[in-house]
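[1] No letters, just coordinates:
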């Protein structure tokens, strides 16, 4: 099994976790999951791939909504 496909599978599992946490409105728990998704996405697709950029955007929005403006500003 290739490392990329293993990371792809991990990324897919994390996307499901994001959906679950959003449904449960556990927004504070989402930040760590987004951070892991971004790390893996950079490794699999690269920093400027559409997938990675979308994750950055969603993560920045989450941080903004949580009132963590100093962290959100460089991302957004």
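    Yes, it's here. Because the structure is a prediction, the values reported are computed rather than measured.

[2] give me the low-pLDDT residue ranges for this structure?
    Applying pLDDT under 70 to the chain picks out residues 1-4.

[3] Show me the helices in the chain, by range?
    Ranges of helices in the chain, per DSSP state H, are 3-23, 27-44, 50-65, 69-75.

[4] how many other residues sit next to the closest residue in space to residue 56 that isn't next to it in sequence?
    Nearest residue to residue 56 in three dimensions, chain neighbours excluded: residue 75, at 5.5 Å (CB to CB, 6 or more residues apart in numbering). No exception for glycine: its C-beta is placed from N, CA and C like everyone else's. Number of residues near residue 75 (other CB atoms under 10 Å) recorded here: 17.

[5] Likewise for residue 52?
    For residue 52, using other CB under 10 Å, the count is 20.

[6] Looks like it contacts residue 45 (just checking).
    Yes - using CB atoms under 8 Å, residue 52 is in contact with residue 45, at 5.6 Å.

[7] ok so, going back, would you mind listing the residues in contact with the residue nearest to residue 56?
    Residues in contact with residue 75 (CB atoms under 8 Å, 6 or more residues apart in numbering) are 56, 57, 59, 60, 63.

[8] Tell me the spacing between the residue lying closest to the second one once chain neighbours are set aside and residue 56.
    Distances taken as CB to CB, 6+ apart put residue 76 closest to residue 57, at 7.4 Å, once the chain neighbours are dropped. Distance check for residue 76 against residue 56: by CB to CB, to the nearest Å, it reads 8 Å.

[9] neighbour count winner among these two?
    residue 56 (19 against 12).
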